[in-house]
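Colleague: the following block contains a protein sequence and its predicted model.
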Amino acid sequence: MIEQIDDIEKEIDVEIVLALMSGKVTNAINRRLSRDLHKAQIDISPAQANILFVLWRNDGIIEKKISTATYKDKPSITRVIDNMEKMGLVCRKKAPKDRRINRIFLTEKAQQMKTKVKEVARQTVNDAFKGLDDKEISDVQRLMKMIFNNLEMSEGSI
């Protein structure tokens with residue numbers, strides 16, 4: 001077994017993979033997106049932008065589904081949605097059949113931001129992928145999903 005680990009370490013630069021996977025790339029993208037949003041005079045955080053993207057695709061979903069779609073835990077999503085509600089970007093409405101469940105809806109203010117936020121986010125992502133061709137971008141996305149799914153499956157089996 002130890003020989004197998006040594007073989008893997010020869011093929012994979014474990015230090016760089018752990019640094020990248022532990023959030024280094026995510027933090028860099030979030031810092032850049034935050035600066036880009038601020039520069040465009042859009043007063044939202046990257047986490048709020050992420051939730052807006054989910055709601056622009058599927059307005060009125062429950063917090064748990066937002067949590068799943070954003071890969072964030074429910075308490076974190078609840079805090080971000082609380083702030084977004086105070087900012088007038090979303091509103092919570094009780095589900096008619098189960099009053100314990102809140103559905104999250106976009107406000108007109110959030111709808112009006114859609115084009116501008118998407119343009120800024122698209123440019124940030126384009127900058128992050130600068131120098132990669134379409135196949136490489138597709139490969140990065142496919143591989144990251146695969147790595148995530150591998151870890152999620154192994155976590156569920158513990």
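Modeller: Received it, and whenever you're ready, just let me know what you need. Numbers count the residues shown, from 1 in each chain.
Colleague: where do the strands of the protein begin and end?
Modeller: Secondary structure of the chain (DSSP state E): strands located at 90-94, 102-106.
Colleague: and the first one, what does it pack onto?
Modeller: Using 3 or more Cβ pairs under 8 Å, 6 or more residues apart in numbering; DSSP states H and E as the contact criterion, the neighbours of strand 90-94 among helices and strands are helix 74-86, strand 102-106. For glycine as for every other residue, the C-beta is placed from the backbone atoms N, C-alpha and C.
Colleague: orientation of it relative to helix 74-86 in degrees?
Modeller: 110 degrees (axes from the mean of the first three to the mean of the last three Cα atoms, to 10 degrees).
Colleague: what sits up against strand 90-94?
Modeller: Residues outside strand 90-94 that contact it (Cβ atoms under 8 Å, 6 or more residues apart in numbering) are 51, 55, 60, 81, 84-85, 101-107, 110.
Colleague: of those, which is the most crowded?
Modeller: residue 51 (27 neighbours; other Cβ atoms under 10 Å).
Colleague: pretty sure that one sits against residue 81.
Modeller: Yes - at 6.8 Å, residue 51 counts as touching residue 81 under the criterion of Cβ atoms under 8 Å.
Colleague: centre of the chain to the lengthiest helix in the chain, how far?
Modeller: For the chain, the helix with the greatest residue count under DSSP state H is helix 134-156. Taking Cα atoms, centre = their mean, to the nearest Å, one finds the center of helix 134-156 at 14 Å from the center of the full chain.
Colleague: quick one: low-confidence residue ranges for the protein.
Modeller: 1-13, 15-16, 19-21, 154-158 (pLDDT under 70).
Colleague: residues touching the most centrally placed residue in it, list them.
Modeller: In the chain, the residue lying closest to the centroid (Cα atoms, centre = their mean) is residue 70, at 4.4 Å. Counting by Cβ under 8 Å, 6+ apart, residue 70 touches 47, 50-51, 54, 77.
Colleague: scan the residues you listed and report the most crowded one.
Modeller: With neighbours taken as other Cβ under 10 Å, the top of these is residue 51, carrying 27 neighbours.
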